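Enquirer: would you be able to build a 3D model of this:
(chains A and B)
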Amino acid sequence: MKRNSNAFLKEEYNELVKNSFDWKLRILETGSTPHAVVDGKEVMMLCSNNYLNLSNHPRLIQSAIDAAKKFGAGSGSVRAIAGTMALHMEVEKRLARFKGTESSLIYQTGFAANAGLIPQLAGKGDIIISDELNHGSIIDGVRLTKADRAIFKHKDIGDLEKVLQDADKKYNRILVITDGVFSMDGDIAPMDGIVKLTNEYGAMSYVDDAHGEGVIGPDGRGIGAHFGIEGKIDVEMGTFSKAYGVVGGLIAGSQDLVNFAYNKSRTWLLSGSHPPAVAGAQLAAIDVLETEPEHVKNLWDNTKYFKKELNNMGFDTGESDTPITPVIVGESSKAKELSDKLYEEGIFALPIVFPMVARDKARIRTIMNAGLTREDLDFALEKFEKLGKKLVII
Amino acid sequence: MVSKIGFIVNPIAGMGGKVGLKGTDGVLGEAIKRGAKPIAPLKAEETLKEFLSKYTSNDEIKWFTCSGNMGSNELRKAGVKNLEIVYKLIGETTDPKDTKSACKKLMEKKVELILFCGGDGTARDIFSVVKKKIPILGIPSGVKMHSGVFGVNTSASAKMLYEFINHRLTIGDAELMDLDEEKYRKGEWNIKLFGIAKGIVEPTYVQVGKSYYESVSDDEIKDELAEHITDEVKQNPGFLYLFGSGGTIEYIARKMNIDNTLLGIDAVFDGKIVGRDLNEEGILKLLSKYSKVKVILSPIGAQGFILGRGNLQLSPRVIKKIGIDNIIVVSTPSKLASTPIIRVDTGDKKLDQCFMEKEFMMVVIGYRLSRVVKIQTNNF
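Expert: Okay, here's the model as predicted:
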């Protein structure tokens, strides 16, 4: 019998639907604003990564418009051939200055940075050592290499050192990779300790700071600045799509790193460069971070207030050190129920359930936003308290 | 859907322990004379009560069990109503034959799991009948519980039962250990690997989407381990490889088209078996012939032993000759989830000391993927 070449598409999709593993896309009818219309309902946004609300900042919007008017809608090519504009170079120069590194390089997305660069940094005879809770894009980047892999216990420097001791004898290059801010719990990697160890063992350090860029460190300069070790992490990788409010991946480090990266990363070499409007908005995002410290301050003021009040009500908010505040409720079904009820009450926050987190640690993951007012937070807190009592969480 | 669970209590399990008999096999009369009291019925009841009160309502499960203290008494005392007696005990005392006959009846009823209360001996009796056809879960109540089918305590067994019924735990290999009780009473420590049963284990999860994880079966993980070892062997021509015992290594060997003995030590050179089910002498003979040797081991049983339980052929002399840096340890992540430590008890203090100084070992848990695991050498 001739095979049915497309049958698996429907079968596998149906299987996902059956197990409720399919993504039900929620449609925004507004921008990603602190109060947005999601699936026809106005809700307060507590699950966007637009931490600083920069995606709606007039300077970013204007800069995008100006760049589009001046340089057009598209870039015409990949960066390597004819798609590198003076504007792209300007963003990279400004970004390196902002991050306190020698140089920087912008990728199409954060995923493209990890998937493109990691496989070039280690190969056969090398080892990549990774925190056990690292994000999926790192895992994929690691899978593309011929290097061996080892994992160390979450944030455990002692465990990392043991792996390094063992690897030291056996491998040529050693690459240690960690998330900067872990996206499920909002905790921060002990980057100072990691860099100390990698220096000691002649290993390379690589941090995925997607949730730290624009959020932690003075003026939101990221994890290097947070620990006072700017320029000392071999690869600081991040994104423009979260707190910076635009889109695009980035790496910051030495000029040697950047020269190597853009000549070797296939994702960078083989996809079109950012349209001028994107580069224009990226440039303005850096401008805003450098000149308007109030956004980062608001984000943290909001975060501290929200966490404190949730704790006062009796909610368990886990071990977070950042504006990612988990509200731990226990069983998965309860987390889903709380999320549904919050949406009915006008709050958009998604549940995170097993196996992403332990079975009895299912939660609502809230992400704070600098654009929310104290009244907004009180409104949200009132709903959390009401529903928390109703569902016997507090 | 109603779950069908088989339930067996070995009422005399554990009686020898408190009166210093290191086991009850064959010495029940002596144990009673020394004043031993039944323990297993109480442990069974405790587990059932915890399971029922914390986790579920009665009607989700149909229990199949034996009469009297071999199951029905404990179930009733715990408040279970939906039960069927499939094996009637004749007389007052029980012996292994009763356990085995009851298992045959449970197999006819096609139960999904056999929950039992006892020790290593009870586990072996059950396994001798059900083999790998039905997974088994033990409530620890014996004197010795080295096998990998027990919860660490009654609470853990209750929780595992609940998670299994709710499809959150999956089925995987569990080694059954066999300690020669007669020798043990004389002070000799001789634990053999008796067989590989089906137990219930924590599944391994792999992130496939941003917030979507897929559980990976034990066999898929073992496929990865097999691929890893295949590469390892290919990259090291000229090495003799000793394959240890247990379910994981047997699976790996089978994938490599090596006909491995499940319970013994085999030697492989250049893809071919050069020694099968070797004893210490046989291994030493090979070691004098081959200068470059590596040994592949996997934790065996409930406590995570890689040496000293179930593979005494790998004696101190053998290990010293091979060198501890030439030991490759493989394990499924589910096994490390239940025993996050590897134990060594070679019987040679100096050699144990070498492991202790090493402190940790890299354990292969996937294709080209490893993690640090602590080594413990003290006897317990």
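
Enquirer: list the contacts of the residue nearest to residue B:104 when sequence neighbours are not counted.
Expert: For residue B:104, ignoring the flanking residues on the chain, the nearest one in space by Cβ to Cβ, 6 or more residues apart in numbering or on different chains is residue B:129 at 5.9 Å. Just so you know, the C-beta spots here come from the backbone N, C-alpha and C atoms, and that holds for glycine as well. Contact partners of residue B:129, counting by Cβ atoms under 8 Å, 6 or more residues apart in numbering or on different chains, are B:100, B:103-104, B:107.

Enquirer: could you redo the last one with a cut-off of 10 Å?
Expert: B:99-107, B:114 (Cβ atoms under 10 Å, 6 or more residues apart in numbering or on different chains).

Enquirer: residue B:197 versus that one, what's the distance?
Expert: From residue B:129 across to residue B:197, the span is 11 Å (Cβ to Cβ, to the nearest Å).

Enquirer: which neighbours do these two share?
Expert: residue B:114.

Enquirer: can you tell me which helix in the chain is longest?
Expert: By default, I'm working from chain A. Longest helix in chain A, counting residues (DSSP state H): helix A:294-313.

Enquirer: actually it's chain B I care about, not the one you picked
Expert: Longest helix in chain B by number of residues (criterion: DSSP H): helix B:218-235.

Enquirer: could you list the paired strands of the next helix or strand after that one along with their orientation?
Expert: Sequence-wise, the next helix or strand downstream of helix B:218-235 (DSSP states H and E) is strand B:240-243. With DSSP bridges as the test, strand B:240-243 is paired with strand B:266-269 (antiparallel), strand B:293-297 (parallel).

Enquirer: after the shortest one, which helix or strand is next?
Expert: Translated: strand B:266-269. Per DSSP H and E, the first helix or strand lying C-terminal to strand B:266-269 is strand B:272-275.

Enquirer: low-confidence stretches in the chain?
Expert: All of this is about chain A. A:135-137, A:139-140 (pLDDT under 70).

Enquirer: switch to chain B, please.
Expert: For chain B, applying pLDDT under 70 flags the ranges B:18, B:22, B:55-59, B:181-190, B:205-215, B:378-380.

Enquirer: just to revisit the earlier point, need the next SSE after the helix or strand hosting the residue nearest to residue B:104, C-terminal direction.
Expert: Per DSSP H and E, residue B:129 falls inside helix B:120-130. Using DSSP H and E, the helix or strand that follows helix B:120-130 in sequence is strand B:136-140.

Enquirer: how far away from the center of its chain is that following strand?
Expert: How far strand B:136-140 lies from its chain's middle: 11 Å, per Cα atoms, centre = their mean, to the nearest Å.

Enquirer: for stretch A:354-373, same thing?
Expert: With Cα atoms, centre = their mean, you get 14 Å for stretch A:354-373.

Enquirer: and the end-to-end length of that stretch?
Expert: End-to-end span of stretch A:354-373 (Cα to Cα, to the nearest Å): 32 Å.

Enquirer: does chain B have contacts with that stretch?
Expert: Yes: Stretch A:354-373 is in contact with chain B by Cβ under 10 Å from any Cβ of the partner chain, via A:354-356, A:359, A:365.

Enquirer: show the buried residues in the residues you listed.
Expert: A:354-356, A:365 (16 or more other Cβ atoms under 10 Å in any protein chain shown).

Enquirer: save the strands paired with strand B:240-243 as CSV, and put in mean neighbour count and distance to residue B:232 too.
Expert: Compiled in CSV, the strands paired with strand B:240-243 are given as follows (neighbours: other Cβ atoms under 10 Å in any protein chain shown; distance: least, Cβ to Cβ, whole Å):
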stretch, mean neighbour count, distance to residue B:232
strand B:266-269, 21, 12
strand B:293-297, 22, 8
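
Enquirer: could I get the ones you listed as JSON lines with distance to residue A:17?
Expert: Output for these, formatted as JSON lines (distance: least, Cβ to Cβ, whole Å):
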{"stretch": "strand B:266-269", "distance to residue A:17": "47"}
{"stretch": "strand B:293-297", "distance to residue A:17": "42"}
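
Enquirer: domain map for the chain?
Expert: Because you didn't say which chain, this covers chain A. Annotated domains of chain A cover A:12-45+A:294-390, A:56-291 [automatic domain parsing].

Enquirer: wrong one, I was asking about chain B
Expert: If you go by automatic domain parsing, chain B breaks into B:3-201, B:217-376.

Enquirer: what's the spacing between the shortest one and its chain's center?
Expert: In terms of Cα atoms, centre = their mean, the centre of domain B:217-376 is found 17 Å from the chain centre.

Enquirer: start to end distance for that domain?
Expert: 28 Å.

Enquirer: for the helix or strand hosting residue A:281, name the packing helices and strands.
Expert: Secondary structure assigned from DSSP H and E places residue A:281 in helix A:276-291. Applying 3 or more Cβ pairs under 10 Å, 6 or more residues apart in numbering or on different chains; DSSP states H and E, one finds that helix A:276-291 contacts helix A:58-71, helix A:86-99, strand A:103-107, helix A:294-313.

Enquirer: deepest-packed of those, please.
Expert: strand A:103-107 (a mean of 24; mean count of other Cβ atoms under 10 Å in any protein chain shown).

Enquirer: got the angle for that strand vs helix A:276-291?
Expert: Relative orientation of strand A:103-107 and helix A:276-291, computed by axes from the mean of the first three to the mean of the last three Cα atoms, to 10 degrees: 140 degrees.

Enquirer: may I have strand A:103-107 exported as PDB, CA atoms only?
Expert: Only the C-alpha atoms of strand A:103-107 are listed here, as PDB (Å, rounded to 0.1, in the frame of the first residue of the first chain):
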ATOM      1  CA  SER A 103      32.000  43.900  22.000                       C
ATOM      2  CA  SER A 104      28.600  42.500  21.200                       C
ATOM      3  CA  LEU A 105      26.700  40.700  18.500                       C
ATOM      4  CA  ILE A 106      23.000  40.700  17.700                       C
ATOM      5  CA  TYR A 107      21.300  37.500  16.500                       C
END
